[in-house]
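J.: Quick check, what structure comes out for this input:
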Amino acid sequence: MTYLVTGATGNAGRRVVEHLLRKGQRVGALTRNPGKGSFPEGVEVVAGDLTDPSTLDFRGITGIHLLTIGGDDYATLKTGPDIVTLAEKHGVRKIVTLWNGQSGPVEEAVEQSSLEWTHIEPTDFMSNALHWAKAIQATGKLEEPFGDSLNAAVHEADVGAVAATVLVEDGHAGKRYSVTGPEPLTPRHKLDQISDAIGRPLEFVELTEAQARARWKQAGHAEEMIDILVAWQSNPPAAAYTVTATVEDITGQKPKSFRQWAEENVDKFR
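T.: Below you'll find the predicted structure:
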């Protein structure tokens, strides 16, 4: 059996690749830029762009880890129906989606298909805090909006383990899994834990929503993605900060804490 991982160079996708390899599976890594990615030995690197289904080839694929965003602006993927049609045509059995904060064309298409589908819904990735690294290194200061917004961010390795397990094992068809870390934290709490890990005092400065929108736009995010970020951070739904047992139930391992993640990434913040 061969499993195709889309977004294979991303923080979560590369972890799905790693966990599938540990399970002894054959893995294909889909990327728009094959020359830029670095993958473990044995991974077949496949060129393809989810925003252009004509570039995709699913022949010989058993299951797909499928992103729901695409392109440089991280916009919601509109090509879900075409991707699903191609998967059905070539005998793909399973699709596991990784959502972007709201259900969209990809989720709708797989739910209406003949495929075995499962939705993986992380509340937030701990690795998103890596965006803070340059500012922390340079100034010892972090400028972010919504400093008291709670979320139960999950370690990207735990997301990878859940997705890989769901792809390989039966019994998850038609399920929607909220995947969280072990505790809800605010950006201020996370900064405190990074401060403890690197042994250096750090300052939190809260941005206004307008300042945050301008910065995200400058970073190249699509307007709909900016709206999702604002909605989840300014007034998070209960699902964003409600801890679930998904990681342990599916993988048998307790989820990693943000403190563990900060200690693993000390060199990136010093």
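
J.: A197 versus T31, what's the distance?
T.: The gap separating T31 from A197 is 31 Å, by Cβ to Cβ, to the nearest Å. Yep, even glycine has a C-beta here, placed from its N, CA and C like the rest.

J.: for D124, same thing?
T.: Taking Cβ to Cβ, one finds D124 at 19 Å from A197.

J.: do the same with V159
T.: Distance from V159 to A197, by Cβ to Cβ: 21 Å.

J.: the more surrounded of those two?
T.: V159 (27 against 19; other Cβ atoms under 10 Å).

J.: Which other helices and strands does the one helix or strand the more buried one maps to contact?
T.: In this assignment (DSSP states H and E), V159 forms part of helix 156-168. When contacts are defined as 3 or more Cβ pairs under 8 Å, 6 or more residues apart in numbering; DSSP states H and E, helix 156-168 sits against helix 13-22, strand 63-67, strand 94-98, strand 116-122, strand 175-179, helix 246-251.

J.: Try it again at 6 Å.
T.: Contacts defined by 3 or more Cβ pairs under 6 Å, 6 or more residues apart in numbering; DSSP states H and E place helix 156-168 against helix 13-22, strand 94-98, strand 116-122, helix 246-251.

J.: how far is the first one from where the chain is centred?
T.: Offset of helix 13-22 from its chain centre (Cα atoms, centre = their mean, to the nearest Å): 13 Å.

J.: From the chain's centroid, how far away is stretch 150-169?
T.: In terms of Cα atoms, centre = their mean, the centre of stretch 150-169 is found 9 Å from the chain centre.

J.: May I see the buried residues of that stretch?
T.: 150-168 (16 or more other Cβ atoms under 10 Å).
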